[in-house]
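Student: Predicted model, plus sequence, below.
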Amino acid sequence: MSIPWQSCAEAFEQILTRHGVTPDACTVEAAWAAFEEFVQVPVEGIAGPEDDGDGFIVEWGVWDWNGDRPALSLGRLLAVDEGADRSDPHGQPEYWKVDLEVFFAEGSPWAGPLADGGGNSGFDFATLGTPRADALAATRRSVEQDPLLGVMWRSAPTGAEVTLDRAG
């Protein structure tokens, strides 16, 4: 079953709810399980693989747009090609990001290093199915093996929020 790109945030929220993730209660483990399921759902109205139409990224840091709270972000980037000028050889799709930000307490012992500079896993545009599952597993191993991120992964979040915003 595929979903229209405009409904991605709602679809992700439904998956999160099935995994026990709510805006005020979650674990990173449950959020990750929901994310793994969500990024395997086919999406309608996006560009093909040749245009990096569908990818994912894991980011971490302290950002001003979320009230300077330490956060782990699980995002899916979609290249929306609806309304694109197909006659323009240099025309670009619009990029939209469906994002789950998982927040942590500001006083966490590892929050200081995040404020000094967060990071990310880099975008991965593996195709749906086994290639994407393999890419997700590799990303998770990388995150868990990092000392700071491993502690963050095992910490109790204070909240979570799903958004769908234009990227870039």
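Tutor: Happy to help now that I have it. Residues are numbered from 1 along each chain as shown.

Student: At which residues are the helices of the protein located?
Tutor: 8-18, 28-38, 111-115, 130-145, 147-154 (DSSP state H).

Student: Give me whichever of these is most buried.
Tutor: helix 28-38 (a mean of 20; mean count of other CB atoms under 10 Å). In short, each C-beta sits where N, CA and C put it, glycine included.

Student: Have a look at the protein and report the helix or strand with the lowest mean pLDDT.
Tutor: When each helix and strand of the chain is scored by mean pLDDT, DSSP states H and E, helix 111-115 comes last, with a mean of 71.

Student: which helices and strands does that helix pack with?
Tutor: Packing partners of helix 111-115 (3 or more CB pairs under 8 Å, 6 or more residues apart in numbering; DSSP states H and E): strand 54-62, strand 70-80, helix 147-154.

Student: Tabulate those (CSV), appending distance to residue 38 and mean pLDDT.
Tutor: Output for the helices and strands packed on helix 111-115, formatted as CSV (distance: least, CB to CB, whole Å; pLDDT from 0 to 100):
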stretch, distance to residue 38, mean pLDDT
strand 54-62, 9, 93
strand 70-80, 7, 95
helix 147-154, 18, 87
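
Student: for those, which one ends up most surrounded?
Tutor: That would be strand 70-80, which, of the helices and strands packed on helix 111-115, has the most neighbours on average (mean count of other CB under 10 Å), namely a mean of 23.

Student: and it with helix 130-145, angle?
Tutor: Using axes from the mean of the first three to the mean of the last three CA atoms, to 10 degrees, the inter-axis angle of strand 70-80 relative to helix 130-145 is 160 degrees.
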